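Colleague: based on what follows, work out the 3D shape:
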Amino acid sequence: MTGFTQKPILIDGRGHLLGRLAAIVSKTILQGNTVIVVRCEQLNISGNFFRNKLKFMSFLRKRCNVNPARGPFHFRAPSKIFWKTVRGMVPHKTERGKQALRRLKCYEGCPAPYDARKRVVVPGAMRVMCLKPGRKYCHVGRLSHEVGWKYKSVVRTLENKRKVKTIINIQKRDKLKELTQTAGTKVAKTTAPYTAIINSYGYN
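Modeller: Here you go, the predicted model:
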């Protein structure tokens, strides 16, 4: 994922390792690209669930002793966990780093503007490519749910609705394509002379 592109890069987070994806995304946004990561709740972390939960519970104990409202702030939502992981890999206190972080958007599920767009994956960050088969891993969504994120069931319901809607749209598209081909075949003989004239002008 090198170089600069005008279009936003839409990444499907499902099945990617948290740290590896964050490393690639951080480099990409520093190069000037806009990156959108959807389905952050489906990101994976290597190591079994209990070990990762203990690490997160240890992180929750880190706070300002005088006034905890000063930070550090412990985000529970999967999208914010991923965002903070990327922030740690970016010089976020400089103007360059601030501008880079503004070019990053993270979401749980796949919200409306992005559900109809083509999503990409990052092979160098995918769990099946990076982890040895049989190694333990956990989902960020489950970890978030157990440390205080309250929208796991809501996101799951919305995702199920989106998947059903997508299947219906694909079936409609395939049916329309089939009907168009059938109609074209039926009138092919009638329109043959006109088609020949059109083809003679270079329109195929």
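Colleague: ok, longest helix in this structure?
Modeller: helix 152-186 (DSSP state H).
Colleague: ok now the helix or strand bottoming out on mean pLDDT in the chain, how far from the chain's centre?
Modeller: In the chain, no helix or strand scores lower on mean pLDDT, DSSP states H and E than helix 188-200, which sits at a mean of 88. Here the centre of helix 188-200 is set off from its chain's centre by 46 Å, with CA atoms, centre = their mean, to the nearest Å.
Colleague: now that helix against helix 152-186, angle please.
Modeller: Helix 188-200 and helix 152-186 are oriented at 90 degrees to each other (axes from the mean of the first three to the mean of the last three CA atoms, to 10 degrees).
Colleague: put the alpha carbons of helix 188-200 into CSV.
Modeller: Extracted as CSV, the C-alpha positions of helix 188-200 are listed here (Å, rounded to 0.1, in the frame of the first residue of the first chain):
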residue,chain,number,x,y,z
ALA,A,188,-31.0,-9.6,-32.2
LYS,A,189,-32.4,-10.6,-35.7
THR,A,190,-34.6,-7.5,-35.9
THR,A,191,-31.9,-5.1,-34.9
ALA,A,192,-29.1,-6.8,-36.9
PRO,A,193,-29.1,-4.2,-39.8
TYR,A,194,-28.9,-1.3,-37.4
THR,A,195,-26.3,-3.0,-35.3
ALA,A,196,-24.1,-3.4,-38.4
ILE,A,197,-24.4,0.3,-39.2
ILE,A,198,-23.5,1.2,-35.6
ASN,A,199,-20.5,-1.1,-35.7
SER,A,200,-19.3,0.4,-39.0
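Colleague: okay, residue 2: pLDDT?
Modeller: On the pLDDT scale, residue 2 is placed at 64.
Colleague: same question, residue 21
Modeller: We note a pLDDT of 98 for residue 21 in this prediction.
Colleague: which ones are touching it?
Modeller: By CB atoms under 8 Å, 6 or more residues apart in numbering, the contact set of residue 21 is 11, 13, 37, 43, 82, 122, 125. No exception for glycine: its C-beta is placed from N, CA and C like everyone else's.
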